[in-house]
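Student: Need coordinates for the following:
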Amino acid sequence: MIEDAWIKAIDSEWDLEGEAFLYQVRQGHFDPAGLERILKKLRAISIEPSATELPRRLVEVLWFMPQFMEWQRDRVRKKGTDPHTYDVAVILVRNEIERILGLP
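Tutor: Numbers count the residues shown, from 1 in each chain. Coordinates of the predicted model:
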């Protein structure tokens, strides 16, 4: 099932080991290559407009990402990341989540 591959790909960016983008952000490290990697994964997700249900775990690994990144803003900035660069990163991730899940 393709949704399982999407879940696994995005879930790996939350891992507490290695170069997982969201884990690194939590540590205050903003990695532009990690951002591109996660955006590539998000862009690979394509939900049919007629879909009436999504796997719960897919929604779980997606919806919290932009909010989590916003919460880490000060931590990342204190480690030297340009504020504008990070804000753009948050917007790019949020835009992809909105494209995937839609807006209410």
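
Student: Quick check: Glu98 vs Pro83, distance?
Tutor: With the distance defined as C-beta to C-beta, to the nearest Å, Glu98 ends up 22 Å from Pro83. No exception for glycine: its C-beta is placed from N, CA and C like everyone else's.

Student: Apologies, that question was intended for Arg99.
Tutor: Counting by C-beta to C-beta, the gap between Arg99 and Pro83 amounts to 25 Å.

Student: what does Leu58 give?
Tutor: Separation of Leu58 from Pro83 (C-beta to C-beta): 31 Å.

Student: Which of those two has more residues huddled nearby?
Tutor: Remark: of Leu58 and Pro83, Leu58 carries more neighbours, 19 against 11, as counted by other C-beta atoms under 10 Å.

Student: Go through the host helix or strand of the more buried one and flag the buried ones.
Tutor: Under the criterion of DSSP states H and E, Leu58 resides in helix 56-63. Along helix 56-63, the positions that meet the burial threshold by neighbour count (16 or more other C-beta atoms under 10 Å) are 58, 61-62.

Student: ok, now how distant is the nearest residue to Val76 once chain neighbours are set aside from Thr85?
Tutor: Closest residue in space to Val76, ignoring its immediate chain neighbours: Phe30 at 4.9 Å, by C-beta to C-beta, 6 or more residues apart in numbering. Distance, Phe30 to Thr85, by C-beta to C-beta: 7 Å.
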